[in-house]
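Enquirer: would you be able to build a 3D model of this:
(chains A and B)
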Amino acid sequence: MEYKDEIREFVHNLLVRNGDAESLADQESLLRSGRLQSIDAVEIVIFLEEKFGIDFTKIGFDQEQIDSVDAIVALIQSASSKAY
Amino acid sequence: MNATVSITKPSLHQRVFDVLSKFRLIPRIETYPSVVSFAQTPLGRIILLALFSRGLRVFLPNWRSTLIIVLFIALMTFLPEHRRLVLALGSFALLVKEEHWNPLLLCLDMAVIALGVLLYWSAMRWPKSHFGQRPIAFLLTGLTVLILSASAAAPQSFSYSILWPLVGAAVSYVWFIAYVLTDRNSRPAKDLTLELTALRPLWGSTNTPFPKGAAYLRRIEAQNPEQLAVVQLKGLKLLAWAILLAVFQGLWLNFFHGKLRIPTADQALAMSVQGSPVVWHLRWESLILGFFESILTMSILGHRIIAGCRMAGFNALRNTYRPLSSRTIAEFFNRFYYYFKELLVDFFFYPVFLRYWKGHRRLRMVCATFAAAFFGNAFYHFTRDWQIIRDKGLWITSANFESYLLYCFILALGLSISQLRKRAPRPGSIIRGTLFPVLGVCLFFCLLSIFDSTVKDYPFVEHMRFFASLFFIRF
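Expert: Take a look at the predicted model:
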């Protein structure tokens, strides 16, 4: 799962930009916990669209889908399995 | 082996800042293991509930209303496996208690709830239909049509006497139903009881759902006795905060408006409209005080509601969280009235952002921001004040709404620029990196508040005149 590191790094950069240098576990909540805001969620959406070709208009959007590194990985896997 | 470790000593500013930022007026009792253990025992729970009811009584008109809410929270505390059912029953019981004196109103509220359930069921049943694809757009269009129909009804007619109360019921439930419809995408969204619990829950709300819908409640629900104890302690702390802020607000109002006789922001504007404006420095003082008072009012309201939500076992985020530490306009908007911002994001920002202008990142962001902060914000407030439309008529209300439209436009513009700039914190530069941006954000919202008038009492030009007079411009 090489893209997990990529996602981790992307999320970590978002947190650092917001002045949050604390560690983050893969299953830890990002939005529900308040560590990231809606505007950061938008950046994750753009990242997933551009990097993994995910089209949220087709699969539907719910912030829970991107609420943790693990959730994002699951979303990518689910979207790619539907594509093939 | 030579190892060189360089230790940078924090500056005096930094150390003072660190000490201040770690200071807690109310200690973090939810982190004390002995307190958390005790809060899980029956006696601990009873004491927590007793303290909560005493605190809640400060904000409610009588003990009866307080004890009804606390009774249902107690049931949720001791029967956590039935929490959602108790919450649904409690919210329903409060609705009946509040409106039993007016059977028509109660029936209309029931009809609106039933309509919401029907829409939810239809969206789940036919997800590929036009309605199933865009249920929120249908819902908001339906509300608009209802308001237009009521406006067209002749006063004193039968349809007038039915349609306007129906508009009132629809407006008070529309955003709750919107969250129910959004929850159809969440997993699992099968149980209707879960959805009903989110319709005006017993801890209270404005027309904005606190905290969002049933799917969100499911995610933040305490899963075991320890989590429940922690979240209830946090709820109690938040209620204590609300009481402290309410006391502070009382002293503030008494000192500035009572002793120093500085007019409130509304009074200063009214005097300007009447042609006898207060002196220049008083206009500024009333405006600045009004800005802080709006933060205090919002904090007290949000803290009280979220405290009740947490006592019921849902670990919701605060509605207002340190807005005066915001370094950007977007950050302030997020921190000031979190659940209203979430409403705009969920129902206006994302639908536009995910559908349109995908190849143009900046344009896409700006369009979605305008859809939320301009269109969504204006729509929410225009429909919220339905009594003004009923009393003054649709056209006069629309004409007097231009001040708030300008407010929404400038806000959307400010948010767009703020989001595109994405300013990162500047380490080690407290004055340039923190103080100046914070003051700039406060000044922006302070001046913008002149146009934040949905009361629709004064024409737009009066707001502009007041604004210009702050800078010695008269017209």
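Enquirer: now stretch B:339-355: buried residues?
Expert: Neighbour-count burial for stretch B:339-355 flags B:339-354 (criterion: 16 or more other CB atoms under 10 Å in any protein chain shown). Quick note: C-beta positions are derived from backbone N, CA and C, even for glycine.
Enquirer: ugh, wrong one, stretch B:69-82
Expert: Neighbour-count burial for stretch B:69-82 flags B:69-77, B:80 (criterion: 16+ other CB under 10 Å).
Enquirer: what does stretch B:159-171 give?
Expert: Neighbour count says stretch B:159-171 has B:160, B:163-171 buried, by 16+ other CB under 10 Å.
Enquirer: adding distance to chain A and pLDDT, write those out as a markdown table.
Expert: A markdown table is the format used below for the buried residues of stretch B:159-171 (distance: CB to the nearest CB, whole Å; pLDDT from 0 to 100):
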| residue | distance to chain A | pLDDT |
| --- | --- | --- |
| B:160 | 40 | 92 |
| B:163 | 35 | 94 |
| B:164 | 35 | 95 |
| B:165 | 35 | 94 |
| B:166 | 31 | 95 |
| B:167 | 30 | 96 |
| B:168 | 30 | 94 |
| B:169 | 28 | 94 |
| B:170 | 26 | 96 |
| B:171 | 25 | 96 |
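Enquirer: mind putting those residues into JSON lines with secondary structure?
Expert: As requested, these are arranged in JSON lines below (DSSP: H, G, I helix; E, B strand; the rest coil):
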{"residue": "B:160", "secondary structure": "helix"}
{"residue": "B:163", "secondary structure": "helix"}
{"residue": "B:164", "secondary structure": "helix"}
{"residue": "B:165", "secondary structure": "helix"}
{"residue": "B:166", "secondary structure": "helix"}
{"residue": "B:167", "secondary structure": "helix"}
{"residue": "B:168", "secondary structure": "helix"}
{"residue": "B:169", "secondary structure": "helix"}
{"residue": "B:170", "secondary structure": "helix"}
{"residue": "B:171", "secondary structure": "helix"}
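Enquirer: for chain A, what spans make up the strands?
Expert: Read by DSSP state E, chain A holds no strands at all.
Enquirer: and what of chain B?
Expert: Using DSSP E, strands in chain B do not occur.
Enquirer: just to revisit the earlier point, among the buried residues of stretch B:339-355, which ones lie close to chain A?
Expert: With CB under 8 Å from any CB of the partner chain as the criterion, the buried residues of stretch B:339-355 include B:341-342, B:345, B:349-350, B:353-354 near chain A.
Enquirer: now stretch B:46-56: mean pLDDT?
Expert: Confidence over stretch B:46-56 (mean pLDDT, whole number) is 96.
Enquirer: that should have said stretch B:315-322, apologies.
Expert: On average, stretch B:315-322 scores 93.
Enquirer: what sits up against it?
Expert: Here stretch B:315-322 makes contact (CB atoms under 8 Å, 6 or more residues apart in numbering or on different chains) with A:32, A:34, B:210-211, B:220-222, B:227, B:230-231, B:234, B:238, B:295, B:298-299, B:301-303, B:305-306, B:309-310, B:335-339.
Enquirer: what of stretch B:19-36?
Expert: Contacts with stretch B:19-36, where a contact means CB under 8 Å, 6+ apart, come from B:226, B:229-231, B:233-234, B:237, B:240-241, B:244.
Enquirer: how confident is the prediction for residue 84, by pLDDT?
Expert: Reading this off chain A. pLDDT at residue A:84 comes out at 49.
Enquirer: oops, I was thinking of chain B
Expert: On pLDDT, residue B:84 comes in at 88.
Enquirer: so residue B:415 versus chain A, what's the distance?
Expert: Residue B:415 sits 9 Å away from chain A, taking CB to the nearest CB, to the nearest Å as the criterion.
Enquirer: got the contact list for residue B:366?
Expert: B:416, B:420.
Enquirer: do you know how far it is from residue B:414?
Expert: According to CB to CB, to the nearest Å, residue B:366 stands 12 Å off from residue B:414.
Enquirer: need the buried ones from the contacts of stretch B:315-322 selected in PyMOL.
Expert: Buried members of the contacts of stretch B:315-322, defined by 16+ other CB under 10 Å, are picked up in PyMOL with:
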select buried, (chain A and resi 32) or (chain B and resi 210+211+220+221+222+227+230+231+234+238+295+298+299+301+302+303+305+306+309+310+335+336+337+338+339)
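Enquirer: I'd like to know how many residues surround residue B:55.
Expert: As a burial measure, residue B:55 scores 20 neighbours (other CB atoms under 10 Å in any protein chain shown).
Enquirer: quick check: the residue of the stretch 201-350 of chain B nearest chain A.
Expert: Taking CB to the nearest CB as the measure, the point where the stretch 201-350 of chain B comes nearest chain A is residue B:345, at 4.5 Å.
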